[in-house]
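Have a look; sequence and predicted model below, questions after that.
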There are 2 protein chains.
Amino acid sequence: MTSAAGGRPTATRATRTDARRNRAHILDVAEQVFTSEGLDVSMDAIAKRAGVGAGTLYRHFPNRDALVAGVLEGRQPDLSAEATAIEKESGDSGAALERWLDAVSRWMRAYEGLPEPLRTALGEQDSPLRLTCQEVIDTTGEFLQAAQKDGHAREGLTGRNLYLATLAAAWALGTPSADGSTGHELDDLLRSGWRTGS
Amino acid sequence: MTSAAGGRPTATRATRTDARRNRAHILDVAEQVFTSEGLDVSMDAIAKRAGVGAGTLYRHFPNRDALVAGVLEGRQPDLSAEATAIEKESGDSGAALERWLDAVSRWMRAYEGLPEPLRTALGEQDSPLRLTCQEVIDTTGEFLQAAQKDGHAREGLTGRNLYLATLAAAWALGTPSADGSTGHELDDLLRSGWRTGS
DNA sequence: TGATTAACGGAGAGCCTCTCCGTATTTTGG
DNA sequence: CCAAAATACGGAGAGGCTCTCCGTTAATCA
């Protein structure tokens, strides 16, 4: 990492401590604001609340998605841990998939308005959210395959599309008037569809 | 309609012809623009393209939702006609519900970005989109009930939630990278869920 | 046809995103 | 420990969007 392809040794100076501190502080503040007011807050408001200028905010996070990605990365370990726990605790791979999708749905609904950028990221090759999402999609694919192997989940389904469907349900649950029963019904729909066996 | 509660006869003059014409023209232009560029176009651009001032646009449609509602109302007859046709042509009430949901999904995807306001309208009591949506929800409820009576659809499902689920799927299909197979899979998911019978 | 009244147009207020650059601070080589 | 160099900071402001306000214009009616 000390020399570039050019051959000339590129001794990059370490990041300044105030920059590191600012970045961390911005992430802290952003997470708080996102939690209480949703993603639809003005960037300037976040900067002001973090006590930094707009320039500083944008230098660290060139756009809203980058900031969201930064906040989400901080939560990744929790989700990974949950995946591990589910894998251990659930004997039935069908139940495991169910639990995992539930965890993913909660993750997607952590901040109001999160589903939108998550969906957009799915279509853009270079979204800052790409990496984080891919990890969740991959894990979903693994739980799905296990469930399929045991005959608990239908064939012909991809992890990506199951993720997308979960995202869609999470988005729908963001509807202001969506109460608990709506959530339950939507989950049922995703699990079993509207059709009866007959 | 000629006298108000006050008693004094309120002889309202008929709407001016230029106003009526402008309104119709704005709707025409808006539908074109929405079709080609999606709902996320600046209001000013629509005004300019319609050859009217911003004031005129906003007098007729106080906000974007009102304009969208206006455009959608123009398409209502088509959807109603489709409902009637489906009712006649489909012998099986399960197949009818399936065809209806397909029509609704297409209606929801007529303009890129339409699902968002449709979802928001579901939570607001006084959205301009309310009436139009309610009609679609009600029709969905009728198709659903018929299917339930014949044992083709699960009990414990409401028209509203089936509409919401369809909306969610339509939203997910708006993902740039969503190809045909994604649409098919999502439809399957909504119909049959991810779970197998076992 | 003239008075009345509805409708028009567009300037501009207020908010948002994002950039640019003069200034301040940290790091490093001597 | 002290410049000099590199890095980061702050906030003014450009440009774009939504929506309002009001002086001007055009349709309607008696």
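Received, thanks. Numbers count the residues shown, from 1 in each chain, chains lettered A, B, ... in the order given.

Please tell me how far the residue in chain A positioned nearest to DNA strand D sits from residue A:23.
Going by C-beta to the nearest atom of the strand, DNA strand D is nearest to residue A:55 of chain A, at 2.0 Å. The way it works is simple: take the backbone N, C-alpha and C, and place the C-beta from them, glycine included. Taking C-beta to C-beta, to the nearest Å as the measure, residue A:55 falls 14 Å from residue A:23.

Give me the nearest residue to residue A:153, chain neighbours excluded.
If the residues on either side of it in the chain are set aside, residue A:153 comes closest to residue A:147, at 3.8 Å by C-beta to C-beta, 6 or more residues apart in numbering or on different chains.

residues contacting that neighbour?
A:93, A:94, A:96, A:97, A:153 (C-beta atoms under 8 Å, 6 or more residues apart in numbering or on different chains).

Just to check, the second one is in contact with residue A:152?
Just to be clear, that refers to residue A:94. Yes: between residue A:94 and residue A:152 there is a contact under C-beta atoms under 8 Å: 3.0 Å.

so what sits against both of those two?
Counting by C-beta under 8 Å, 6+ apart, the shared contacts of residue A:94 and residue A:152 are residue B:195.

Specify the residue ranges that define each domain of chain A.
As given by automatic domain parsing, the domain ranges for chain A are A:15-62, A:72-192.

can you tell me which of those comes nearest to residue B:82?
Closest approach to residue B:82 among those (C-beta to C-beta): domain A:72-192, 23.1 Å.

what does chain A have sitting close to DNA strand D?
A:12-13, A:15-16, A:18-19, A:22, A:51-56, A:58-60 (C-beta under 7 Å from any atom of the strand).

now these: which count as buried?
When the residues of chain A next to DNA strand D are checked for burial by 16 or more other C-beta atoms under 10 Å in any protein chain shown, the buried set is A:22, A:52, A:56, A:60.

Tell me which two in those residues are the farthest apart.
A:52 and A:60 (8.8 Å).

Find residues that contact each of the two.
Common neighbours of residue A:52 and residue A:60 (C-beta under 8 Å, 6+ apart) are A:22, A:26.

Distance of residue A:27 relative to residue A:65?
14 Å.

meant to ask about residue A:124, not that
Taken as C-beta to C-beta, the span from residue A:124 to residue A:65 is 9 Å.

of the two, who's got more company?
residue A:65 (19 against 15; other C-beta atoms under 10 Å in any protein chain shown).

Tell me which helix or strand the closest residue to residue A:27 other than its chain neighbours sits in.
In this structure, residue A:27 finds its nearest non-sequential neighbour in residue A:70, 5.4 Å apart by C-beta to C-beta, 6+ apart. Element membership for residue A:70, per DSSP states H and E: helix A:64-89.

Which parts of that helix count as buried, going by neighbours?
Buried residues in helix A:64-89 (16+ other C-beta under 10 Å): A:64-65, A:67-72, A:79, A:82-83, A:86-87.

on that earlier part again, compare the contacts of residue A:147 and tell me which is most surrounded.
residue A:97 (27 neighbours).

mean confidence for the strand or helix carrying it?
Secondary structure assigned from DSSP H and E places residue A:97 in helix A:93-108. In this model, helix A:93-108 has an average pLDDT of 97.

which other helices and strands contact it?
helix A:64-89, helix A:130-149, helix A:159-173, helix A:180-192 (3 or more C-beta pairs under 8 Å, 6 or more residues apart in numbering or on different chains; DSSP states H and E).
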